[in-house]
Every structure is written in structure tokens, then in C-alpha cells.
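**Student:** 3D, please:
(one chain, ligands or ions: 1)
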Amino acid sequence: MTYNIKAQNVSVFYKDFKALDDISVSLEGNKIIGMIGRNGAGKTTFLSLLAAFRDVSRGVLEANQEKIFENPKVMQDVFLVYDSNNKDLDYTVQSMLDHVKKFRPYYDEEYAMHLVERFKLPLKKSVKKLSKGMQSAVNAAIGLASRAPVTIFDEVYLGMDAPTRSIFYKELLEDQTNHPRMIILSTHLVSEMDHLFDEIVIIDQGELLLHEDYDTLINRGVEITGAAESVDHFVNGKEILNEEKLGGTKAVMVYETLTEQEQAEARQQGLDLQPISLQDLFIHLTGGES
Ligand SMILES: Nc1ncnc2c1ncn2[C@@H]1O[C@H](COP(=O)(O)OP(=O)(O)OP(=O)(O)O)[C@@H](O)[C@H]1O
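**Tutor:** Numbers count the residues shown, from 1 in each chain. As a prediction, this is how the structure comes out:
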């Protein structure tokens, strides 16, 4: 089952605070979508709408042309895995997996056991007694093994060490290839996770800043370095994201796809052109380091 999610002019208010402001976006097909945004931008609020944890205050939110909120079919197919606080849960890892199996129709027990091994999870231990990183690994395993057509991981890596995160990324990529589905990853680890993304959504202060194919977005950012005067002349009229000057040399990040002719001209003038990482684009498109 392939899902298309469509938000039209969606807003969410917490009392009189507008957490999401008139968001319109279409998420389509079996892609891995990176959702990024600064703290408090509204990512979790948006993702909780997709999982029907709450309803929109204004606008329309649909999955395959059906309203999401209070829709049992969609709720079964959309799984939001988040950094849950398990400290009051008196379940063992095994009983938690058994519990999930009952509610998730695409759950694959064999794959769950493979993940238990990969993450070295102790099946008989109480979840609340696991370390933070291991609890996150349990959540990651549950999310992957459930194979929900729309699987959402909201900062699910918290507390995981680097090798465990690496296992998570590898498993996610491999399992999405073998069992294509829409996976949405909300993260602050932009540079570490950017290799996973087919598409990027950036939410900024409750608004949709952009939704782009990863390659298109990356091609739009370029850093031009060279003699300050030549750089200034070249970037004149272009959208500048950031400038840094060191002596007579200048490095300027622009947000624009350069034509082949422009690239050739730049090189003729002795300018160096380098792509900008998603992390740098994100930092500068959302207001830099201020
Ligand atoms: N239940 C709530 N009541 C009131 N305000 C809330 C509530 N939940 C979230 N907010 C506010 O809505 C805004 C968006 O919060 P949200 O958790 O969606 O952001 P986020 O992008 O997920 O942030 P972070 O990256 O820090 O986790 C924030 O200003 C937050 O304080």
C-alpha cells in the first residue's frame, strides 16, 4: 500500500499560540523523507497530526484522499515512533514486541528477532531498566519491524551511541529497499543522516520553508571562493546565504542553481565552486547562527 499525504492550509493552535501556520505540502510515494527544523519549529506537532494524535485546528489533512483524524484504517497504517518515556512501563522487551505484533498488521517477527540481535537487546529485561540508548533501540526495532506503510521516526536516535545509530541507518536503508514504504525521519543530526534522504522538508517557525528532492536542493547551494573582488562581481544579484572574508579572499554561499555557462565563467575567473552540505544550507536558510 502506497500512501499520499496531502496537507492543505493546515494550522495548529495551542490555545492562542500558532504552532503550525498554513502548511500546504504533498508527501507522495515510498520515499525516505528528512524533516528538519530548529528547536520548536513545529516538527513534532506536524508529525503528531499524521499519526492522528491530534486534529488540525484549520485546514485539511488527508492520507490517500481520506481525512486522517479518527480514521482507524489510516491510524493502523501510520506509525509514529518517538522518544517515549518508558520509565513507568513494566514490560519486558519480549512482551513489548508481542504487544506491537497484535496491533501492527505488517509486523514481521523474524525481522524483529534479527533486529533484537543486531541491537543486542535483552528480551527478558524490563524496558524501564534499559539504558536510554537501548530504549531508543527498542523503539527503532519496533518501528522497523512493524513495516507500517507510513513509518515516522521522531528523533528516535536519542541516547544511541554512534555504532548503534549506524546499525539503525543501515537496517533502515536495506529494509526500505526490500519493503518500500514512506519513512519520515525527524532529526537534528542533519550531517549524519543526510545520506538517507530522498526528499527534504524544512519547517521554520511553524511554516513550511521548503519541500524538495534532496539532489535538487543540494544542487541549488554552492560556495564560491576566490579573490574578494571577483567573488563579489560573480555573486552580484544572486541570493546570498553567507559570506566569510579572510584577507583578500572571500567565500560566499549562494542559493541558486548555476548554469553550465556560469560555472565555466567562474572557473575562468579562477573561482572555486564547491557544493554546500544540507547542514549548512539548513543553518543559513533558517537564520544562520543567530
Ligand atoms: N502541548 C503544547 N502546548 C503548548 N505549546 C506547545 C505544545 N506542544 C508544543 N508546543 C509549542 O509548539 C511549538 C512547536 O513545538 P514542536 O514540539 O512541534 O517543535 P519541534 O520542531 O518538534 O521542536 P524540537 O526540535 O525542539 O523537538 C513550540 O513553540 C512548542 O513550545
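
**Student:** going by C-alpha atoms from here, please, whenever you check contacts or count neighbours.
**Tutor:** Fine.

**Student:** and the nearest residue to residue 9 once chain neighbours are set aside, how far from the ligand?
**Tutor:** Nearest residue to residue 9 in three dimensions, chain neighbours excluded: residue 22, at 4.2 Å (Cα to Cα, 6 or more residues apart in numbering). From residue 22 across to the ligand, the span is 14 Å (Cα to the nearest ligand atom, to the nearest Å).

**Student:** what do you get for residue 63?
**Tutor:** Distance from residue 63 to the ligand, by Cα to the nearest ligand atom: 20 Å.

**Student:** got the phi and psi for the nearest residue to that residue once chain neighbours are set aside?
**Tutor:** With Cα to Cα, 6+ apart as the criterion, residue 63 has its nearest non-adjacent residue at 4.4 Å, and that residue is residue 5. Main-chain torsions, residue 5, degrees, to the nearest 10: phi -110, psi 130.

**Student:** elements contacting the helix or strand containing residue 225?
**Tutor:** Following DSSP states H and E, one finds residue 225 within strand 221-227. Under the contact definition 3 or more Cα pairs under 8 Å, 6 or more residues apart in numbering; DSSP states H and E, strand 221-227 sits against strand 249-255, strand 272-275.

**Student:** who's in contact with the nearest residue to residue 275 once chain neighbours are set aside?
**Tutor:** In this structure, residue 275 finds its nearest non-sequential neighbour in residue 222, 4.6 Å apart by Cα to Cα, 6+ apart. Going by Cα atoms under 8 Å, 6 or more residues apart in numbering, residue 222 touches 253-257, 273-276.

**Student:** which among the residues you listed end up buried?
**Tutor:** Neighbour-count burial (16 or more other Cα atoms under 10 Å) applied to those gives 253-257, 273, 276.

**Student:** and the ligand, which of the residues you listed reach it?
**Tutor:** By Cα under 6 Å from any ligand atom, no member of the buried ones among the contacts of residue 222 lies near the ligand.

**Student:** any chance of those residues in TSV, with pLDDT too?
**Tutor:** Putting the buried ones among the contacts of residue 222 into TSV (pLDDT from 0 to 100) gives the following:
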residue	pLDDT
253	95
254	96
255	94
256	91
257	91
273	96
276	95
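
**Student:** what about the residue nearest to residue 9, which SS state?
**Tutor:** Using DSSP: H, G, I helix; E, B strand; the rest coil as the criterion, the local structure at residue 22 reads strand.

**Student:** that one: neighbouring residues, count only.
**Tutor:** Neighbour count for residue 22, taken as other Cα atoms under 10 Å: 17.

**Student:** now swap in residue 54 and tell me
**Tutor:** 16.

**Student:** residue contacts, it?
**Tutor:** Per Cα under 8 Å, 6+ apart, neighbours of residue 54: 48, 69.

**Student:** do residue 32 as well
**Tutor:** Residue 32 neighbours (Cα under 8 Å, 6+ apart): 182-185, 196-199.

**Student:** and those, which are buried?
**Tutor:** If we count by 16+ other Cα under 10 Å, those have these buried: 182-185, 196-197, 199.

**Student:** tell me the one of those nearest the ligand?
**Tutor:** Lowest distance from the ligand to these (Cα to the nearest ligand atom) belongs to residue 185, with 11.7 Å.

**Student:** which of the three states applies to that closest one?
**Tutor:** Relying on three-state DSSP, one would call residue 185 strand.

**Student:** which residues touch it?
**Tutor:** Here residue 185 is in contact with 32-35, 152-155 (Cα under 8 Å, 6+ apart).

**Student:** beta partners for the residue nearest to residue 275?
**Tutor:** residue 254, residue 275 (DSSP bridges).

**Student:** show me the strands in the stretch 151-290 of the chain, by range?
**Tutor:** For the stretch 151-290 of the chain, applying DSSP state E, counting those that start in this stretch gives strands covering 182-186, 199-204, 207-213, 221-227, 240-246, 249-255, 272-275.
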